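> sequence first, then the predicted structure:
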Amino acid sequence: MIAATVVAPSLLLSHAGVNAPEFIIFIALAAAIFIFAEYYSVFPSILEFRDAPPLNRLRFLAFSLTIISLTLVAKHEMSPTEITLIMSQIGASIGHSLDFPYSPVRLLVLMLPADAPASLTDSVRMAAGMAYLICLIAIIAFILSIRVKGWPTRKGAFNVWTNLPLFDPTTGGDVVDRLYNDARTNVILGVLLPFIIPAVVKLASQMIDPISLEDPNMLVWTICAWAFLPASMIMRGIALARIAALIEDKRRRAYAVAEAEGVQTA
């Protein structure tokens, strides 16, 4: 599924021309092999929360829906069909709804050069609106899985070693404080990046050539990265804060039990 998602824009937008199809196939196969190895192996290496669904499932769902939706919208300009027409109409509605002053979508549209064609502006607005909304829904779904289903303890204890392989609880300060600090950092960066990235690109465009979004493949991947990476960071921050709260609650209950046993012994 990972490989199919990565190659989907190149396959569906074949008329737009792909400069390096072998490179795209290599990236797709590498991603598929990496994910398979991570989930098949007993010992974790890099991937986080592999045994704590549905976090990674929501991430993949948001990523794949974003890629497919933006690809269908871009394909409508080359070979329109009923599906691409429907997706374009939905994207236009969402894009105009989210294109209000100081919104991330408005800032992304303002990133374009002043002489950019109207068709490119509309495409960026549609793609940005759809990507931002899909990722926002994924974040809300993850929050609901915590509030309603009690993630991640509904199906058993949370294993820090397998789900946070890069986190060493034996180094640094208190584990809870470190998790809360990492959580706040991820959430703050995730919220700010959709606003910061267009501003940085706009400033950089005065010194270097701006990114050309007229290429449909470039449009799909750029907008997907702009929306998905911050959303993934926010979801990771929420997850880390949840783990820290569980550890803190477990400590509190252990202290209460110890105090009760001490009182009974006295």
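That came in fine, so what should we check first?
> contacts only, for residue 98.
Residue 98 is in contact with 104-105, 128-129, 132-133, counting by CB atoms under 8 Å, 6 or more residues apart in numbering. All C-beta atoms are positioned from the backbone trio N, CA, C, and that covers glycine.
> in a markdown table: those residues, plus pLDDT and secondary structure.
Output for the contacts of residue 98, formatted as a markdown table (pLDDT from 0 to 100; DSSP: H, G, I helix; E, B strand; the rest coil):
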| residue | pLDDT | secondary structure |
| --- | --- | --- |
| 104 | 93 | helix |
| 105 | 93 | helix |
| 128 | 94 | helix |
| 129 | 94 | helix |
| 132 | 94 | helix |
| 133 | 95 | helix |
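> which of these has the most neighbours?
residue 128 (31 neighbours; other CB atoms under 10 Å).
> surely that one and residue 104 touch.
Yes: under the criterion of CB atoms under 8 Å, residue 128 makes contact with residue 104 at 7.3 Å.
> my guess is residue 219 contacts residue 213. True?
Yes: using CB under 8 Å, residue 219 is in contact with residue 213, at 4.6 Å.
> overlap in contacts of the two?
Both residue 219 and residue 213 are in contact with 123-124, where contact means CB under 8 Å, 6+ apart.
> return the member of the contacts of residue 98 nearest to residue 22.
Relative to residue 22, the closest of the contacts of residue 98 is residue 128; by CB to CB it sits at 29.9 Å.
> wait, what's in contact with that closest one?
Residue 128 makes contact with 95, 98, 104-105, 108-109, 223, 226-227, according to CB under 8 Å, 6+ apart.
> so for residue 219 and residue 213, which residue has more residues nearby?
With neighbours defined as other CB under 10 Å, residue 219 and residue 213 compare such that residue 219 has more, 26 against 20.
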